[in-house]
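1. What shape does this take:
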Amino acid sequence: MKTAIIYSSETGFTKKYALWLEEKLGSDAKAYSLKEAKKVNFDDCDALVYGGWVCAAQINGAKWFKEKMPSWAASGKKLALWATGGSPMESPDIPKALDVMLTEDEKKIAKVFYCPGGFNYENMKPMYSDKSIDNIGFWKRKAGIFREKAGFIGNIMQRACTISDKFKFF
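-> Sure, this is the predicted structure:
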């Protein structure tokens, strides 16, 4: 099944998931950044997956994907979205957030999942990290604490369900 994996990643966690999914699905899968995807025709794809980071209970960059979902679904494509965020999988807020990420009509044609990521303060834009307001040394210490406690990307990703389990409905 030819699958396009489209992602928007601010600090690298969502991109890492996209690349793992591409690897797991094999030669029929290809990962695209959102910028790249906007230039690609996906008519020959059987499935499309979009991943982005969570901001205010919405998936960053998903508007473009969601606008195209009805026509893709009408042509028989399987659709899914995933949200990457800093909360652990066990958080009671995750199901609530997932419930509002898609409209009732969108839920009929696509599935949505959550994958835990984290905060990489060193890669965050100032408007999200408050670097422009707060002391940069504070954020560097926070980044060091994060890496020390969670181990960079690898350890935090291991806590999530495997990618194949998340997208096994394909």
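2. so where do the helices sit in the chain?
-> Along the chain, the stretches classed as helices by DSSP state H are 13-25, 34-37, 62-74, 93-101, 104-109, 126-129, 136-150, 153-158, 163-166.
3. where among the ones you listed is the average confidence lowest?
-> Note on those: helix 153-158 shows the lowest mean pLDDT, a mean of 40.
4. how close does residue 70 get to residue 33?
-> 23 Å (CB to CB, to the nearest Å). Using the backbone N, CA and C atoms, a C-beta is placed for each residue, glycine as well.
5. Please apply the same query to residue 55.
-> 17 Å.
6. what does residue 113 give?
-> Following CB to CB, the distance that separates residue 113 from residue 33 is 19 Å.
7. quick one: residue 37 and residue 6 touch, right?
-> Yes: counting by CB atoms under 8 Å, residue 6 is a contact partner of residue 37 at 4.3 Å.
8. For those two, indicate the residue with more neighbours.
-> Neighbours per residue (other CB atoms under 10 Å) separate residue 37 from residue 6, with residue 6 holding more: 26 against 22.
9. That one contacts residue 38, doesn't it?
-> No: Residue 6 is beyond contact range of residue 38, at 9.1 Å (criterion: CB under 8 Å).
10. ok, residue 114 touching residue 94?
-> Yes: the criterion here is CB under 8 Å, and residue 114 meets it with residue 94 at 5.1 Å.
11. Who has more neighbours out of the two?
-> Between residue 114 and residue 94, counting by other CB under 10 Å, residue 114 is the more crowded of the two (23 against 18).
12. so what's the more buried one bridging to?
-> As for beta bridges, residue 114 partners with residue 83 under DSSP bridges.
13. Tell me how far it lies from residue 1.
-> Applying CB to CB to residue 114 and residue 1 gives a distance of 23 Å.
14. again, but for residue 23
-> 15 Å.
15. Now for residue 70, how many residues are close by?
-> 14.
16. who's in contact with it?
-> Each residue near residue 70 by CB atoms under 8 Å, 6 or more residues apart in numbering is listed here: residue 109.
17. Count the residues that sit near residue 2.
-> 15.
18. Check the one 5 residues further on too.
-> Close neighbours of residue 7, defined as other CB under 10 Å, add up to 27.
19. just checking, it touches residue 53?
-> No: using CB under 8 Å, residue 7 is not in contact with residue 53, being 9.3 Å away.
20. what do those two both touch?
-> residue 14.
21. of residue 113 and residue 33, who's got more company?
-> residue 113 (22 against 14).
22. Quick check: that one vs residue 81, distance?
-> 7 Å.
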